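Undergrad: Structural data only, the sequence is not supplied:
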């Protein structure tokens with residue numbers, strides 16, 4: 001029952017983020033570039049739930065974005081699914097309590113997602129390679145995502161531990177006692 005409530009809340013948060021990105025951040029952007037809050041959401045789900053749940057949420061949210069705003073089906077799904085899976089895989093190697101660690105993960109996830117999206121858009125579409133423009137967009141989006149991560153980190157941490165307790169349980173030293 002509690003997992004169902006968590007999943008409903010995560011789906012509502014995904015819709016809220018979609019409406020924020022499509023309405024609010026069209027007005028508040030930096031040089032016409034908006035943050036990618038879906039990368040932060042999927043990274044957060046992968047870190048606190050597990051790699052399977054993170055990958056599934058990444059693929060589902062990615063397909064939704066592909067249908068609504070994407071030009072090719074599967075690019076966002078592949079990128080976000082990979083981010084969710086990698087976040088779950090990196091869960092045991094990094095501390096979720098450190099704000100710096102989370103910021104480094106957001107930086108890496110944003111770079112990985114944008115490189116995947118740019119590469120597949122280049123391969124599947126007829127676009128020119130503009131490395132300087134891509135790097136400018138990437139840097140601004142990374143900075144924007146990092147600023148938003150700093151702002152929403154307490155919410156991420158609080159809700160994340162609720163998700164972690166439900167999906168992973170409290171397994172600290174249970175097999176020894």
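TA: Here it is on my side, so go on. Just so you know, these numbers come straight off a predicted model, no measurement behind them.
Undergrad: List the buried residues for the helix or strand residue 106 falls within?
TA: Assigned by DSSP states H and E, residue 106 belongs to helix 99-124. Along helix 99-124, these residues count as buried under the neighbour rule (16 or more other CB atoms under 10 Å): 102-103, 105-106, 108-110, 112-114, 116-118, 120. In this view, the C-beta of every residue, glycine as well, is placed from N, C-alpha and C.
Undergrad: residues making contact with the lowest-mean-pLDDT helix or strand in the chain?
TA: Using mean pLDDT, DSSP states H and E, helix 25-27 stands out as the lowest-scoring helix or strand of the chain, at a mean of 82. The contact list for helix 25-27 (CB atoms under 8 Å, 6 or more residues apart in numbering) reads 34-35.
Undergrad: if you set the cut-off to 10 Å instead, what comes out?
TA: The contact list for helix 25-27 (CB atoms under 10 Å, 6 or more residues apart in numbering) reads 17, 20, 32-37, 144, 148.
Undergrad: Widest-spaced pair of those residues?
TA: Within these, 17 and 32 form the most distant pair, 19.4 Å apart (CB to CB).
Undergrad: what ranges do the helices span in the protein?
TA: All helices of the chain, identified by DSSP state H, fall at 2-19, 25-27, 37-48, 51-68, 75-90, 99-124, 131-167.
Undergrad: any idea how far the helix holding residue 106 is from the chain center?
TA: For helix 99-124, the separation from the chain centroid amounts to 9 Å (computed by CA atoms, centre = their mean, to the nearest Å).
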